[in-house]
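Q: please work out how this folds:
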Amino acid sequence: MSDAEATGLPELADLIFAVGRQLRPPADPAFEPCTPIEISVMRFVHRNPGTSARAASEATLLPSSNFSRVLRGLEKRDLVERVVDDRSARGVRLYPTEKARRNLGHLHDNWEQTLRGIVDDPAAIEIVNATLRRIEDELIARRRGEDHKGGRPA
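A: Numbering: from 1, shown residues only. As a prediction, this is how the structure comes out:
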């Protein structure tokens, strides 16, 4: 057994990936399906309404040209609204639309039904949620540190 395997971290990452693959989108015809990249953008915009396109592009790890293409598609489907930033005419702020909020509601309802009965202890669920939030936050912070240093940390 390698040192990495002994930590359990590779298995944690493997399980996160595997569980994510098991979650399916709602079958409800009112749900607007999105690609994994679109989901990543929508997740960031939902959590950070009024964010800049640049911040969303960086947070979702998309080069600006790819991000612009994804954003145009989301706008065309009425899932994201661009609002000109009153502080800078060149800047825009991104907001989820009402349709996007309904879409997220469908998705959350679907996940609730899918996961209900697997783990019923709210304390256990909160521990897992808090742990995954911490992992996400730390990975983002580390990546930002790498971006500012121009490479990977030693």
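Q: CA atoms for contacts and neighbours, from now on please.
A: Will do.
Q: can you pull out the strands in this protein?
A: 51-52, 80-84, 92-96 (DSSP state E).
Q: highest average neighbour count across those strands?
A: strand 92-96 (a mean of 21; mean count of other Cα atoms under 10 Å).
Q: so what strands line up beside it?
A: Strands that pair with strand 92-96, judged by DSSP bridges, come out as strand 51-52 (antiparallel), strand 80-84 (antiparallel).
Q: quick one: contacts of that strand?
A: If you take Cα atoms under 8 Å, 6 or more residues apart in numbering as the criterion, strand 92-96 is touched by 42, 45-46, 49-53, 79-85.
Q: helices of this protein, start to end?
A: 3-7, 9-22, 36-47, 53-59, 64-76, 98-115, 122-149 (DSSP state H).
Q: what mean pLDDT does the second one have?
A: In this model, helix 9-22 carries a mean pLDDT of 93.
Q: can you name the residues that contact L71?
A: V80.
Q: next one, pLDDT for it please.
A: 96.
Q: next: K76.
A: Reported pLDDT for K76: 97.
Q: residues near it, how many?
A: Per other Cα atoms under 10 Å, the neighbour tally for K76 reads 11.
Q: now swap in S57 and tell me
A: S57, neighbours per other Cα under 10 Å, totals 20.
Q: which residues does it contact?
A: 41, 63-64, 67.
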